[in-house]
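In: for reference, the sequence and a predicted model appear below.
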Amino acid sequence: MRIAAMAAGAVGGYFGARLAAAGHDVFFIARGSNLAAIKANGLKIESVHGDLHLPKVNVTSDPREVGPVDVVLFAVKLWDTETAAELAKPMVGDATRVITLQNGVDSVERIAPILGADRAIGGVTYIATVIAAPGVIKHTSTFAKMVFGRADKKPDAMLDRFVAAGKDAKLDLEISPDIQRERWQKFVFLTAMSGATATFRSSIGPIVADPELRDFYRQLMEETYAVGRASGVAIDHGIIDERMAQTMNVVEPGMKASMAHDLERGNRLELDWLAGKVRTLGRELGVPTPASDTVYRVLKLHRMGR
């Protein structure tokens, strides 16, 4: 398949590299020092599932050099969503599927008016990766899963092909029968993980080991769940107990959300689309969000980076 990873960051770079190593025609969109490093040294993956070095990859800063592809892995930061969607147009043909692998819950709705509702596919990932250095992606979790699906729940031959391609690359890919619910289930976990690890400047292990901080972490999930239910999403309350159990028993204690890493590096934060989104929706729907309000207030002055 012809696949574009936009961009070659921690998520798009990881999945794109695995697909390229399996023989697929993968194009990486990058910029700045990451682009220069990949051009000079290739793309390196340091992973618990085995390291990988692609010495020569198709990498560019200009999607016009790529042309139409079968699948775009759309994994840009949330503030770049509309700009990146416009730039992606040369890679999007009639049959192209653009799978959003971003944080948050509104990516599909934001890119659909630009790229077409039939081409915009909701997706979520369950993976812990960071850019350790330009051109180097470090994967620290035992899990690396991608789930995606159409909002209208219709069958899609291109998505079926992509799942098969992923299996050939030994990737865990899955089509969801209800991607809206899947996105919100991820959002429940993500807002808590990002809010807690960034607010407390800590990995998740010490947070859930402390009863008071663990209760705060759970409250963040409860608020996101309540906002989702008030929005009409059919998520079950049992997801909170499930995510708490995973955090306590499966997630590595040293894990931090990408927003916590961005905070440490002085980068811009996705705060307005995470805790900020929960509190905005809470105000619109009449749902109290005191824990999310706290996260937003603590991090507000840092949200634009240094």
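Out: Thanks, I have it. Residues are numbered from 1 along each chain as shown.

In: what sits against residue 33?
Out: residue 134 (Cβ atoms under 8 Å, 6 or more residues apart in numbering). (C-beta placed from N, C-alpha, C; glycine too.)

In: Provide the secondary structure category for it.
Out: Using DSSP: H, G, I helix; E, B strand; the rest coil, the secondary structure recorded for residue 33 is helix.

In: wait, what's in contact with the residue nearest the centre of the chain?
Out: With distances taken as Cα atoms, centre = their mean, the residue of the chain nearest its centroid is residue 102 (3.6 Å). Applying Cβ under 8 Å, 6+ apart, one finds that residue 102 lies in contact with 74-78, 81.

In: strands of the stretch 151-300 of the chain, residue ranges please.
Out: Using DSSP state E, counting those that start in this stretch, the strands of the stretch 151-300 of the chain run over residues 172-175.

In: show me the chain divided up by domain.
Out: Following the assignment in automatic domain parsing, the chain carries domains at 2-177, 181-302.

In: end to end, how far does the longest one reach?
Out: Start to finish, the residues bounding domain 2-177 are 25 Å apart (Cα to Cα, to the nearest Å).

In: what about residue 148, which SS state?
Out: Three states are possible here, and by three-state DSSP the one that applies to residue 148 is strand.

In: name the nearest residue to it, ignoring sequence neighbours.
Out: If the residues on either side of it in the chain are set aside, residue 148 comes closest to residue 123, at 3.5 Å by Cβ to Cβ, 6 or more residues apart in numbering.

In: count of neighbours near the one you found?
Out: Taking other Cβ atoms under 10 Å as the neighbour definition, residue 123 ends up with a count of 27.

In: can you check what pLDDT the model gives it?
Out: pLDDT, the model's per-residue confidence, is 97 for residue 123.

In: now the one 4 residues further on
Out: Looking at residue 127, its pLDDT reads 92.

In: can you check residue 197 too?
Out: The per-residue confidence score, pLDDT, reads 98 for residue 197.

In: what's the neighbour count on the nearest residue to it once chain neighbours are set aside?
Out: Of all residues not flanking residue 197 in the chain, residue 260 sits nearest, at 4.0 Å (Cβ to Cβ, 6+ apart). Counted by other Cβ under 10 Å, the residues lying close to residue 260 total 23.

In: cool, and residue 286?
Out: For residue 286, the number of neighbouring residues by other Cβ under 10 Å comes to 7.
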